[in-house]
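[1] next input, structure requested:
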Amino acid sequence: DQTKLPNQLVFVEYDNYNQVADAIRNLVVRGAPAIGVSGAFGLALAALQSNSTTKENLILDLQEAREVLFATRPTAVNLGWGLDKIMSTAESGDSVERIKDLVISTAKDMADKDIEINKTMGKFGAELFENDDTIMTHCNAGALATVAYGTALGVIRATKESGKNVKVIAT
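    Here you go, the predicted model:
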């Protein structure tokens, strides 16, 4: 729960897409990549919550959940991306069980790929810095803004991991 930082470290768990929507709306989840993947997992929860027995009804349930989730931060590009990716995946399934499996595995894959992308970006970005450089960064661009590793701060992290000594100014 990012609203508790820096004074408390509070982890939250949700089992309902409406809880995920509240978390996005109330800034418990912040950072574009984190919001996008959270939306995807929100739709995965919606699929698990659905009692639909037909593909058509499950898609309708997911569309309703998508609207609720999207309304939380309609200007968040990553949220729309994550929701659209899950909806596209859901529509490709041929049965209720297959759709649920696809949606869950796609959300997990999106989370794994976010970490992979951030680490790759960090590795390439680290090559731009020399030992004893000073780096200035701004905004929530660390592990809390992503699934785990960080974007801009991921580059700084990778620079440190490569053995270089750098100073960081965070505005």
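
[2] now the most far-flung residue of the chain relative to its centre: which helix or strand?
    Ranked by distance from the centre of the chain (CA atoms, centre = their mean), the top residue is residue 132, with 32.4 Å. For residue 132, there is no helix or strand it lies in under DSSP states H and E.

[3] give the contact list for it.
    For residue 132, the contact set (CB atoms under 8 Å, 6 or more residues apart in numbering) comprises 164, 165, 166, 167. The way it works is simple: take the backbone N, C-alpha and C, and place the C-beta from them, glycine included.

[4] look through this structure and tell me its longest helix.
    The helix that spans the most residues within the chain, counting by DSSP state H, is helix 96-126.

[5] would you indicate which residues of that one are buried?
    96, 99-100, 102-104, 106-107, 110-111, 114-115, 117-119, 121-122, 125-126 (16 or more other CB atoms under 10 Å).

[6] do the same with stretch 82-96
    So stretch 82-96, judged by 16+ other CB under 10 Å, has buried residues 82, 83, 85, 86, 87, 89, 90, 93, 96.

[7] one more: stretch 127-138?
    Neighbour-count burial for stretch 127-138 flags 129, 135 (criterion: 16+ other CB under 10 Å).

[8] end-to-end on that stretch?
    20 Å (CA to CA, to the nearest Å).

[9] average pLDDT for it?
    Averaged over stretch 127-138, pLDDT sits at 94.

[10] and the strands in the protein?
    134-137, 167-170 (DSSP state E).

[11] what's near enough to touch the closest residue to residue 48 other than its chain neighbours?
    In this structure, residue 48 finds its nearest non-sequential neighbour in residue 100, 6.6 Å apart by CB to CB, 6 or more residues apart in numbering. Going by CB under 8 Å, 6+ apart, residue 100 touches 47, 48, 58.

[12] most surrounded residue in those?
    The most crowded member of the contacts of residue 100, judged by other CB atoms under 10 Å, is residue 47 (26 neighbours).

[13] what pLDDT does that one get?
    98.

[14] residue contacts, it?
    So residue 47 contacts 58, 61, 62, 90, 99, 100, 103, 104 (CB under 8 Å, 6+ apart).
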